[in-house]
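[1] 3D model of this:
(chains A and B)
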Protein chains: 2
Amino acid sequence: MKPHTTTTLIDELTQAVGAAHVLTGNAIPLQSCTDWFQTHTHVPLALVRPGTPVEVAQVMTICHRHGQPVTPQGGLTGLVAGAVPAENDIALSLARLNGIEEIDTAACTLTVLAGTPLQTAQDAARAAGLLLAVDLGARGSCQVGGNIATNAGGNRVIRYGMFRDQVLGLEAVLADGTVVCGLNKMLKNNAGYDLRQLFIGSEGTLGIVTRAVLRLHPQPQSCNTAWCTLPDYDTVVRFLRHAQRTLSGTLSAFEVMWPDFHELATTRIPGLRSPVNAHGLQVLIEMEGGEAGRDMAMFSNMLEAALEQGWLRDAAIAQSLKERESFWRLRDAVSEFPLMWAPYCGYDVSLPISSLGRFVDELQRALRDTFPHCEHVHFGHVGDSNLHVGVHIRPGHGVFPEDRIDACVYGIVRRYGGSISAEHGIGEHKKAYLSHSRTPQELALMRTIKHAMDPKNILNRGKVLA
Amino acid sequence: MKPHTTTTLIDELTQAVGAAHVLTGNAIPLQSCTDWFQTHTHVPLALVRPGTPVEVAQVMTICHRHGQPVTPQGGLTGLVAGAVPAENDIALSLARLNGIEEIDTAACTLTVLAGTPLQTAQDAARAAGLLLAVDLGARGSCQVGGNIATNAGGNRVIRYGMFRDQVLGLEAVLADGTVVCGLNKMLKNNAGYDLRQLFIGSEGTLGIVTRAVLRLHPQPQSCNTAWCTLPDYDTVVRFLRHAQRTLSGTLSAFEVMWPDFHELATTRIPGLRSPVNAHGLQVLIEMEGGEAGRDMAMFSNMLEAALEQGWLRDAAIAQSLKERESFWRLRDAVSEFPLMWAPYCGYDVSLPISSLGRFVDELQRALRDTFPHCEHVHFGHVGDSNLHVGVHIRPGHGVFPEDRIDACVYGIVRRYGGSISAEHGIGEHKKAYLSHSRTPQELALMRTIKHAMDPKNILNRGKVLA
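    Numbering: from 1, shown residues only, chains lettered A, B, ... in the order given. Below is the predicted model:
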């Protein structure tokens, strides 16, 4: 791009959003130039912070006219470098589009601007006696628009689905600045193509989400949590289906931790103790219901029946909120692994539930065979077919072979018909492996859609599709 | 099209699928030339019945080369003339793609060919101890592929979502014969764009569904049903939210009938009696749970609490399967209306739940003011924001003014920000009104997608988009 054109571009952007909101050079915070793990860092041409959906549209109209690539940025908590700008990109921050526009308690909907932190939206729903059901660790910093663009998951997907299932209506700005506004509040709407789906999970490559209508659920009236130990994966699946059948619609978490996880978390992280004494696969199971007394009985009966079947080696029911929190703290030890265990690489894959157990066995063998000095952890939202894997190589064994570990993990994912990304997305990090989970015909169709909606290829260029 | 070209086309199609499966002229059954109400009837160039997904692809490759329009046909139970061929179209029947390919009880998935009747798939799931959750009146004749292409709804959407929510994986044939195969079994898969969504609910205009992986749920262990009378719409919504909160995830139907419906069904249809004696809005409410004894107590408590609040004028709990069936027979009287009440026109609209009551009041007033000799019924899946409306003009008052009734209903839908189609789709019947529920920008984006995926405009040409 010639300097003259750049000057014109920056001038036009400044006119659109105000000088205070077009940052360049050193004025751009590091966070806007890099990803969560700081593996990619580029200073963009400018960081632009529009204050309204209309300003987002103006920014895109200007950039489209200039053929200027734009990287949309939400809360910058993604794990696949999906919001890292290239050096000549405009980074477009949604942070100023912050606010709840409406809560409709009869329709059970919340209308929100895209830059609103997830937790702000959750709190607003709770204050109205309702539940915004998706929840994830980054709730305080991630933004609703980013949650939508990445189809975020989290711990309660088994009950409420992913972010895709919370989005009733959507407003998005296209590559050319067109505002596509479909702030639908209805649960059913078969009037033509369901355009929402194009923007959910496409990581800002097809449009920029500016507003959304989210579905709310009744606030649960009770919560019961247990930690159980089971002998093997097949028994875990039997237990899962038993819990789903008897708890009928109230099962809200089913987190499985393989022995490698349990061992690591309880022996190396200070302050974490296991609620049980047994070896095997550990399961954190939780139900949320409508009436405390009845639900506790239902939960205990479910566990007793599983004990009678011989499926559980041990089980502990949380007797207090504090105890519940200690169970979850052990599960959430995952956030410590990358820090305490560097160099570390983490994977977020999905497999058919019926073959997930065999997949873990084979992967563990392959990792140990190929990387004799490795340590690994396996855990996941098994009820959602989602497995997380973490791999570390003990110090003193040369350069961390991240590429080779990727190839090992994704190679086996491919053979099992799994997905290289269950919930984190593709972004920059995983795009080289997308063909492991998608056929050439699927990739070609993705490109057809991308080209039709963004013919100049200016929206989050180079992300998702190589 | 010149005769010579037609001959070549038919020859090629015959070579692809066999002479027995290319029917022309009088050999084509009437059903394949018309819609459910026989409002549009055209004899297609030929009715082609491929026997495998590969043959579907061959048919499309041939038709694409010839620029030959194709109308895909499932069970032909749609209500919007979405599968009626034009005179020079090839009608492509999916009926021979019939069969369950796999039930994976651990993953809780069912893999099925598109032409399989819904009921066959439901029965197969039930035989494996599982539930294919979407259910609708046409279950015996409608096909899974058609259910997917139209994003079918039905009575249990409030619990399990629409057909969109049952589809984990999909195989579809594009306009040019490309097979896009994504038979995903996982609940979570964020590996690139979610291509399934393009084919679900786009009524065969973007591709032809040939196979699907459907999500199964645990078979419910109990069912409780009640018929209640409430004084007004606002109380209905209060009751709905109370039931959702206390029954926590087990509420499986919430059907509301306005007084006009109740009056008509109980006075004009022989053999139908109301379970209650009170006037007002009638609600059929049902829960399906995991343990019979506990669930009955939970259901009774929920109703008692509502009685104590003064929300219910009357309530009857079904005491037997027979009584439950009689409740549903009264609700399902809707299928009799078009026959006993001709000329009749029916609407399937959706409105934000918070304004649905006011909408009905205004529509009833408008209908009576504009058409003094009309009779009307209002009923719907209110928990899903879905309202059905039926209108009849008493005999002896001239030509049935269907177009004017359409304009009256859809005009008010537009003002309330509703949808002209909640679950039936757009097809041929509703496309003139699509702009009442979609903005010009949304319609333009739909056309962009259609053009990108079917540049020769041969797939279900002229349906959905005018």
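
[2] how about the strands in the stretch 151-300 of chain A?
    A:167-173, A:179-182, A:208-215, A:217-218, A:222-230, A:251-257, A:281-289 (DSSP state E, counting those that start in this stretch).

[3] a markdown table for those, including mean pLDDT, mean neighbour count and distance to residue B:45?
    C-beta coordinates here come from the backbone N, C-alpha and C atoms, glycine included. Formatted as a markdown table, those follow (pLDDT from 0 to 100; neighbours: other CB atoms under 10 Å in any protein chain shown; distance: least, CB to CB, whole Å):
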| stretch | mean pLDDT | mean neighbour count | distance to residue B:45 |
| --- | --- | --- | --- |
| strand A:167-173 | 98 | 25 | 40 |
| strand A:179-182 | 98 | 20 | 37 |
| strand A:208-215 | 98 | 26 | 44 |
| strand A:217-218 | 96 | 20 | 50 |
| strand A:222-230 | 98 | 23 | 60 |
| strand A:251-257 | 97 | 25 | 53 |
| strand A:281-289 | 97 | 26 | 57 |
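
[4] and the residue minimising distance to the centre of chain A, backbone torsions?
    The centroid of chain A falls nearest to residue A:152 when counting by CA atoms, centre = their mean (3.5 Å). The phi and psi values for residue A:152, taken as degrees, to the nearest 10, are phi -60, psi 150.

[5] how about the nearest residue to the residue in the stretch 151-300 of chain A that chain B sits nearest to, chain neighbours excluded?
    As assessed by CB to the nearest CB, chain B sits closest to residue A:249 within the stretch 151-300 of chain A, at 2.8 Å. Sequence neighbours aside, residue B:249 is the residue nearest to residue A:249 in space, at 2.8 Å (criterion: CB to CB, 6 or more residues apart in numbering or on different chains).

[6] rewinding a little: can you put the strands of the stretch 151-300 of chain A in JSON lines and add distance to chain B?
    Listed next are these as JSON lines, based on distance: least, CB to the nearest CB, whole Å:
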{"stretch": "strand A:167-173", "distance to chain B": "9"}
{"stretch": "strand A:179-182", "distance to chain B": "5"}
{"stretch": "strand A:208-215", "distance to chain B": "9"}
{"stretch": "strand A:217-218", "distance to chain B": "4"}
{"stretch": "strand A:222-230", "distance to chain B": "8"}
{"stretch": "strand A:251-257", "distance to chain B": "8"}
{"stretch": "strand A:281-289", "distance to chain B": "5"}
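
[7] quick one: which of these is nearest residue A:92?
    strand A:208-215 (6.9 Å; CB to CB).

[8] partners of the closest one, with directions?
    Partner strands and pairing direction for strand A:208-215 (DSSP bridges) are strand A:109-113 (antiparallel), strand A:167-173 (antiparallel).

[9] how about JSON lines for the ones you listed, with distance to residue B:22 added?
    JSON lines is the format used below for these (distance: least, CB to CB, whole Å):
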{"stretch": "strand A:109-113", "distance to residue B:22": "50"}
{"stretch": "strand A:167-173", "distance to residue B:22": "44"}
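
[10] save the strands of the stretch 151-300 of chain A as a markdown table, and put in distance to residue B:68 too.
    Output for these, formatted as a markdown table (distance: least, CB to CB, whole Å):
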| stretch | distance to residue B:68 |
| --- | --- |
| strand A:167-173 | 35 |
| strand A:179-182 | 33 |
| strand A:208-215 | 39 |
| strand A:217-218 | 48 |
| strand A:222-230 | 57 |
| strand A:251-257 | 50 |
| strand A:281-289 | 54 |
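
[11] so what's residue A:84 up against?
    Residues near residue A:84 by CB atoms under 8 Å, 6 or more residues apart in numbering or on different chains: A:33, A:34, A:35, A:40, A:41, A:42, A:71, A:428.

[12] from residue A:333, how far out is it?
    27 Å (CB to CB, to the nearest Å).

[13] buried residues, the worst-scoring helix or strand of chain A on mean pLDDT. List them.
    The helix or strand of chain A with the poorest confidence is helix A:337-340; it has a mean of 84 (mean pLDDT, DSSP states H and E). Within helix A:337-340, the residues that count as buried by 16 or more other CB atoms under 10 Å in any protein chain shown are A:337, A:338.

[14] for that helix, the distance to its chain's centre please.
    19 Å (CA atoms, centre = their mean, to the nearest Å).

[15] coming back round to it: tell me the confidence at the residue nearest to the centre of chain A?
    Looking at residue A:152, its pLDDT stands at 97.

[16] against residue A:215, how distant is it?
    From residue A:152 to residue A:215 the distance is 15 Å (CB to CB).

[17] how about the residues of the stretch 351-466 of chain A by chain B?
    A:351-354, A:381, A:383-386, A:417-426, A:430, A:434, A:437-439, A:441-446, A:448-449, A:451-453, A:464-465 (CB under 8 Å from any CB of the partner chain).

[18] where do the helices sit along the stretch 1-150 of chain A?
    A:3-17, A:53-66, A:118-127, A:144-149 (DSSP state H, counting those that start in this stretch).

[19] tell me which residues in the helix or strand hosting residue A:330 are buried?
    Using DSSP states H and E, residue A:330 falls within helix A:321-331. Burial within helix A:321-331, assessed by neighbour count using 16+ other CB under 10 Å, is assigned to A:324, A:326, A:327, A:328, A:330, A:331.

[20] nearest to residue B:459, of those?
    residue A:331 (47.5 Å).

[21] ok, the nearest residue to residue A:324 once chain neighbours are set aside - how many residues close by?
    Spatial nearest neighbour of residue A:324, excluding adjacent residues (CB to CB, 6+ apart): residue A:318 at 4.0 Å. Neighbour count of residue A:318, defined by other CB atoms under 10 Å in any protein chain shown: 20.

[22] so residue A:318 makes contact with residue A:330?
    No. In this structure, residue A:318 is not within contact of residue A:330 by CB atoms under 8 Å, at 11.5 Å.
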